[in-house]
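> predicted model follows, preceded by the sequence.
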Amino acid sequence: MNDIEAQYNAMAPMYSFLMNDEINISTFQEVLGNRLTELPEDANILDCACGTGLHAIWFAQKGFHVYASDISKGMLKEARKNAVKKNVRINFLQSSWEDLYKKLPLQFDFVVCYGNSFSHMKNPDMLRNSLASIRKILKPGSPFLFDVRNWENDFKHPSQAPSRLKKTINGKKIEIDYSWKLNGWNVKCQFITQIYDRKNDVTRKYECDIYPIKYEKIAEACKRNGFNQVDRNFFRKGEYYYVFAI
Ligand SMILES: C[S@@+](CC[C@H](N)C(=O)[O-])C[C@H]1O[C@@H](n2cnc3c(N)ncnc32)[C@H](O)[C@@H]1O
């Protein structure tokens, strides 16, 4: 098991609680725009970093044939439970991005890799092999959508303050802080999530490895691996960007 799988396995039972699913889905819808109308009604869609299933379930609720993969068994276990709760059928499989083309039996009309997941690419080889693998499982001319933290902006304007989400769970006020420990470009850095329950003075901390990468490197890798059209746009006040690669 590699580090990232172990880190997400540890976070999995808390993941949906740690994230803001409502904002996540509403910005996802903005990012998609009217792209779904361009897909065939019986389109096959793959979410290849499905996490706990948020976006895969959303697609399944829209009536698409959905496959969902992730490297973390723990995240997949939560995703399966969430799919059962929402009463949708999804084909789950455990896979790294690099192995997808060996494991999947069909080609897709749309592949999605959302939630800044591409920032887990450790090195240029992994980026290249992952993009080549994803390209192979897409039908010709079909889009691949991914989003990435705007690292250029973070390095230009380093922020000392973590961003904070406040939640009330069973009447208890809980604060969740998100911060990035940035050590430089293309080196191991950390995304840190901390939960404070101030009343009971409890703190829980989760860390996962990220590797900030410049957009120009991503765009170049896309073009070298069969994506001829690579379009980028910013969202969430410029903190992230998304890319449609075809
Ligand atoms: C930040 S989470 C995003 C999850 C989900 N897409 C969301 O937005 O809620 C990143 C996900 O990428 C998965 N992941 C990390 N490295 C991966 C790899 N090499 N291959 C496949 N999945 C990977 C993690 O296990 C994790 O579930």
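Structure received. Numbering: from 1, shown residues only.

> contacts only, for Arg89.
By CB atoms under 8 Å, 6 or more residues apart in numbering, the residues touching Arg89 are 60, 66, 83. All C-beta spots, glycine's among them, are computed from the backbone N, C-alpha and C.

> contacts only, for Ile169.
Going by CB under 8 Å, 6+ apart, Ile169 touches Phe17.

> how near is it to Ile134?
37 Å (CB to CB, to the nearest Å).

> and for Pro158?
Per CB to CB, Pro158 is found 32 Å from Ile134.

> now Ile210
Distance, Ile210 to Ile134, by CB to CB: 19 Å.

> for this structure, what lies in contact range of the ligand?
Counting by CB under 6 Å from any ligand atom, the chain comes close to the ligand at 4, 8, 19, 49, 51, 54, 70-72, 75, 96-97, 114-117, 120.

> longest helix anywhere in the protein?
Longest among the helix segments of the chain by residue count, using DSSP state H, is helix 3-18.

> got the contact list for Asn233?
31, 241-242.

> what about these, which are in helices?
Those of those lying in helices (DSSP H): Val31.

> reformat the contacts of Asn233 as CSV; add distance to Ala79 and neighbour count.
Listed next are those as CSV, based on distance: CB to CB, whole Å; neighbours: other CB atoms under 10 Å:
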residue, distance to Ala79, neighbour count
Val31, 20, 19
Tyr241, 25, 21
Tyr242, 22, 20
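
> direction included, what does the helix or strand of the chain with the lowest mean pLDDT pair against?
Across the helices and strands of the chain, mean confidence by mean pLDDT, DSSP states H and E is lowest for strand 163-169: a mean of 85. Under the criterion DSSP bridges, strand 163-169 sits next to strand 172-181 (antiparallel) in its sheet.

> how does this structure divide into domains?
3-150+214-245, 153-210 (automatic domain parsing).

> out of these, deepest packed?
Among the domains of the chain, domain 3-150+214-245 has the highest mean neighbour count (mean count of other CB atoms under 10 Å), at a mean of 18.

> returning to what we had before: can you tell me which of the domains of the chain has the worst average pLDDT?
For the domains of the chain, the weakest mean pLDDT is recorded on domain 153-210, namely a mean of 88.

> would you confirm that Gly115 belongs to a helix?
No - with DSSP: H, G, I helix; E, B strand; the rest coil as the criterion, Gly115 is assigned coil and is not in a helix.

> touching, it and Asp47? I think so.
No - taking CB atoms under 8 Å as the definition, Gly115 is not a contact partner of Asp47, at 9.7 Å.
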